[in-house]
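Novice: Generate a structure from the sequence data that follows.
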Amino acid sequence: MTYSSANRGFPAGNPIANAIVIIVGTLAIAASIIIGFVAFLVLASIILIMAAVVGLRLWWFNRKHRRQPRRDANHRDGVIEGEFTVIAGEEKDPR
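Specialist: Below you'll find the model as predicted:
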């Protein structure tokens, strides 16, 4: 059995069956396009919301960073400068 491209057609010889196949095929293609478009909109909305959240968070951090007072160059982390008084007490053996 050989099939040629010139003799292609619908498998059914009934014109009503051919019309039903065309209508159902058209509806299936249209439904696929609509579902694909809705899925694209949902995905685009999720990406847009995530980008807005990240952008808002970065803006908030930058705003908070600008409000903090700047430290002097002489101050190091963990070092507190100030005066103190030694109160007499027990002396420990330096060994």
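
Novice: Against which helices or strands is the host helix or strand of Trp60 packed?
Specialist: Trp60 is part of helix 15-67 when elements are defined by DSSP states H and E. Counting contacts by 3 or more CB pairs under 8 Å, 6 or more residues apart in numbering; DSSP states H and E, helix 15-67 is packed against no other helix or strand. Every C-beta, even on glycine, is put in place using the N, C-alpha and C of the backbone.

Novice: That helix - what's its average pLDDT?
Specialist: For helix 15-67, mean pLDDT rounds to 94.

Novice: That helix: how far from the chain's middle?
Specialist: How far helix 15-67 lies from its chain's middle: 13 Å, per CA atoms, centre = their mean, to the nearest Å.

Novice: Repeat that for stretch 55-69.
Specialist: Distance of stretch 55-69 from its chain centroid, counting by CA atoms, centre = their mean, is 21 Å.

Novice: buried ones in that stretch?
Specialist: By neighbour count with 16 or more other CB atoms under 10 Å, stretch 55-69 contains no buried residues.

Novice: I'd like the numbering to begin with 368 instead of 1 from here.
Specialist: OK, 368 is where the count begins now, so the last one is stretch 422-436.

Novice: Look at Phe451 and tell me its secondary structure.
Specialist: Secondary structure, DSSP: H, G, I helix; E, B strand; the rest coil: Phe451 is coil.

Novice: Neighbours of it, how many?
Specialist: Burial of Phe451 is recorded as 5 neighbouring residues (other CB atoms under 10 Å).

Novice: what's it sitting at in phi/psi?
Specialist: Per-residue torsions, Phe451: phi -150, psi 160 (degrees, to the nearest 10).

Novice: Check the spacing between it and Lys459 real quick.
Specialist: Relative to Lys459, Phe451 is positioned 17 Å away (CB to CB, to the nearest Å).
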